[in-house]
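**Q** sequence first, then the predicted structure:
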Amino acid sequence: MREIVNEGIELLLKIIGGLLVISASGLLGILFSNRLSLRYKELNNLRRFMQMLETEVTYGATPLPVALKNTSNKAEGLISSFFICISNSLTDRSFYTVWDAWTYAAEAVLVGSSLQRADIELIKSFGSILGCSDREDQKKHFELFYLQLKHQEDAAQAEIKRSAKMYRSLGFLLGTAVFIVLI
Amino acid sequence: MNNEIKILEVLDYLPRHIRQMVRKLPDATLASIEEIRLRLGKPLCVSGCQLEIFIDAEGKESASAEKAYLVCEDDLKCSLQLVCNFSMYSVEEELRNGFVTVSGGHRVGVCGRTVTENGKVKVLKDISYMNFRVAKQIIGASDKVIGYLIRSPDCIYNTLIISPPQCGKTTLLRDIIRRLSSGEGEHLFKGMKISLIDERSEIAACSLGIPRNDVGIRTDVLDGCPKAEGIIMMIRSMSPEIIATDEIGRREDADAIIDAVNAGVKVVTTIHGSNIGDFLKKQDLSRIQKGVFERYIVLSRRDGVGTMEAILDGSLNTLYERNRK
Amino acid sequence: MDIDLIFRIAAIGIVVAVLNRVLNQSGREEMAMMTTLAGVVVVLMMVISLISNLFDSVRTMFHL
């Protein structure tokens, strides 16, 4: 009688352990999958908020620290923090050029996010021309940046199509495999 | 406005090490600084009333130009970024005119290589020379003249101030506006509504819409607007009794002044020149050379900034002359 | 002889097959091949003691 109970408990523990492993692995897979869709969303957001910044710059001729602050208030999440970081470091005179402040903020705010290295390098390169020429020229640079961003967005979208489902399935399957091997 | 604070405002636009150098100067010197000049590859120089010194790297007055701190390219680049608030596009119009007005009403003259298009300056690049002019408000600058401008407790004479550069014309105009707006107990002047068209943000030194200088309690300020359009706008919208503006010179300015006078509004303004003859020679202002202004004030620097050379009435009779007292 | 073992090998086989399909579909064919290989290796490892026993028994049976 006792043996049957013990065996029952053993089986239960095995099942619980197994479920834990499978769900942990599966969640990891979902996490990776979500990173991809988050990257796409962030790139999309970035493009939208850069358009707001462009309006402030080319129509209002607002100085950058103020323009960045205003856009940051209208924006949300990662991009909002990015803009406000630049605005603050310029106002505090922590940096003496826009490029330095922009690069610093990119490294500090964007690196840990779902954006890839290539995206961040692209964003960094924009900081070298911001605020350095007249309105017409700035407008042209903004247009170019949108094109480049759209390119990255499309790549992100393709990546999602290709890999999102895969990561999810992979997570659960690998969990199951580990479960089977270890039991 | 505390003049010590004014110089600190200007120092904010200099690179950190230069700022520290200038700060180390004795307080008396600091208070009398009128200009700080950055010239690429040349000594750092500050000047003021009867004062011109080179500064060395420790922030002390340098005995000779050789030992002074030489301005480098990074200094100018950094300064330029600070002056245009990291946004060249926001001051492109002002750069084209050769100077930028920064918060506090200080004028920063900028000089370098110009790129022209159709004979007009399109872009100013490779900035190698910068001149920071400290704006100071002197309350009481108009003490000696105000009596000549008041016709009755509620009316003044149309006034033109003629002055060469750097003689305190803007300071005088500012104080006249302040006095006429707030009222003057001594002459029983009750104060009139003034509309100030501050094209270069120097007189009221508006920052975020608030005048940093005291321009009087009945003054409406139109900041950064071209004079001709501004005058017409203010006449229509603010129903002024006096229109005040600085440095007229173009035909459109003269036309706008005629409009103001015809609308029954009094005018107080200034012009570049060293005597009444300079004003009368200007072709573009022919419309206002007769029958508009009733008082002419001529300034110079002979006894220091703001020396009153002469005051004339509408028919060019001398009411006051410096030598005669 | 464990029935358990047979079920386990079968389960691994199924998982490897599904992984293979998923990876092939998303274009990662090299990875698919690697997982198949890994599956074979894992199964071999699970069975290695039994195989060793089998060889021992065959050896003793024929040398006796």
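**A** Great, that's in hand.

**Q** chain center to stretch A:115-134: distance?
**A** Averaging C-alpha coordinates over stretch A:115-134 and over its chain gives two centres that are 16 Å apart (Cα atoms, centre = their mean, to the nearest Å).

**Q** got the end-to-end distance for it?
**A** Start-to-end span of stretch A:115-134 (Cα to Cα, to the nearest Å) is 30 Å.

**Q** before we move on, what about stretch B:259-275?
**A** Note: stretch B:259-275 ends 26 Å apart using Cα to Cα.

**Q** in that stretch, what counts as buried?
**A** B:260, B:261, B:265, B:266, B:267, B:268, B:269, B:270, B:271, B:272, B:273 (16 or more other Cβ atoms under 10 Å in any protein chain shown). Heads up, the C-betas are built off the backbone N, CA and C, glycines and all.

**Q** flag every residue of chain B that's near chain A.
**A** B:15-16, B:77-78, B:81-82, B:84-90, B:92, B:123 (Cβ under 8 Å from any Cβ of the partner chain).

**Q** if I look at the spatially most central residue of chain C, how far off is residue C:24?
**A** Centroid-nearest residue in chain C: residue C:43, 2.3 Å away (criterion: Cα atoms, centre = their mean). Applying Cβ to Cβ, to the nearest Å, the value for residue C:43 to residue C:24 is 20 Å.

**Q** coming back round to it: among the buried residues of stretch B:259-275, which are located in helices?
**A** B:260, B:261 (DSSP state H).

**Q** in strands only, show me the buried residues of stretch B:259-275.
**A** B:266, B:267, B:268, B:269, B:270, B:271, B:272 (DSSP state E).

**Q** closest to chain C among the residues you listed?
**A** Proximity of those to chain C (Cβ to the nearest Cβ) peaks at residue B:272, which lies at 75.3 Å.

**Q** where's the closest one relative to residue B:69, distance?
**A** Residue B:272 sits 34 Å away from residue B:69 when distances are taken as Cβ to Cβ.

**Q** same thing with residue C:59?
**A** 94 Å.

**Q** give me the number of residues near the residue nearest to residue B:217 when sequence neighbours are not counted?
**A** Spatially, and ignoring its direct neighbours in sequence, residue B:217 is nearest to residue B:182 (5.0 Å; Cβ to Cβ, 6 or more residues apart in numbering or on different chains). Number of residues near residue B:182 (other Cβ atoms under 10 Å in any protein chain shown) recorded here: 18.

**Q** and residue B:182, what are its phi and psi?
**A** phi -90, psi -10 (degrees, to the nearest 10).

**Q** picking up where we left off before, and the residue nearest to the centre of chain C, how far is that from residue A:27?
**A** From residue C:43 to residue A:27 the distance is 27 Å (Cβ to Cβ).

**Q** could you list every residue that touches the residue of chain A found nearest chain B?
**A** Relative to chain B, the nearest point of chain A is residue A:63 (3.7 Å; Cβ to the nearest Cβ). For residue A:63, the contacting residues are B:84, B:85, B:86, B:87, B:90, by Cβ atoms under 8 Å, 6 or more residues apart in numbering or on different chains.

**Q** try residue C:13
**A** Counted by Cβ under 8 Å, 6+ apart, residue C:13 has contacts C:39, C:43.

**Q** also residue A:133?
**A** A:141, B:88, B:89.

**Q** now, which of the buried residues of stretch B:259-275 sits nearest residue B:30?
**A** Using Cβ to Cβ, residue B:270 comes nearest to residue B:30 of those, at 28.3 Å.

**Q** tell me the bridge partners for residue B:100.
**A** residue B:108 (DSSP bridges).

**Q** and for it, the neighbour number?
**A** With other Cβ under 10 Å as criterion, residue B:100 counts 23.

**Q** quick one: pLDDT of it?
**A** Predicted confidence (pLDDT) for residue B:100: 85.

**Q** which non-adjacent residue is nearest whichever residue of chain C sits closest to chain A?
**A** Residue nearest to chain A within chain C: residue C:26 (4.0 Å; Cβ to the nearest Cβ). Nearest residue to residue C:26 in three dimensions, chain neighbours excluded: residue A:166, at 4.0 Å (Cβ to Cβ, 6+ apart).

**Q** relative to the whole chain's centre, how far out is whichever strand or helix holds the one you found?
**A** Per DSSP states H and E: residue A:166 is located in helix A:135-182. On the basis of Cα atoms, centre = their mean, helix A:135-182 sits 10 Å off its chain's mean C-alpha point.

**Q** ok, the residue most central in space within chain A - contacts?
**A** Nearest to the mean C-alpha position of chain A, counting by Cα atoms, centre = their mean, stands residue A:114 at 2.9 Å. Applying Cβ under 8 Å, 6+ apart, we find residue A:114 in contact with A:35, A:36, A:38, A:39, A:42.

**Q** the third one: neighbour count?
**A** Other residues within reach of residue A:38, judged by other Cβ under 10 Å, total 16.

**Q** let me see the mean pLDDT of stretch B:108-127.
**A** Rounded mean pLDDT across stretch B:108-127 is 79.

**Q** tell me the buried residues in it?
**A** Buried residues in stretch B:108-127, defined by neighbour count with 16+ other Cβ under 10 Å: B:108, B:110, B:112, B:123, B:124, B:127.

**Q** do the same with stretch A:14-32
**A** Within stretch A:14-32, the residues scored as buried using 16+ other Cβ under 10 Å are A:18, A:21, A:22, A:25, A:26, A:28, A:29, A:32.

**Q** might you enumerate the residues of chain C proximal to chain A?
**A** So chain C meets chain A at C:8, C:11-12, C:15-16, C:18-19, C:22-23, C:25-28, C:39, C:42, C:46 (Cβ under 8 Å from any Cβ).

**Q** please repeat the previous calculation with a cut-off of 10 Å.
**A** C:4, C:7-12, C:14-16, C:18-19, C:21-23, C:25-28, C:31, C:35, C:38-39, C:42-43, C:45-46 (Cβ under 10 Å from any Cβ of the partner chain).
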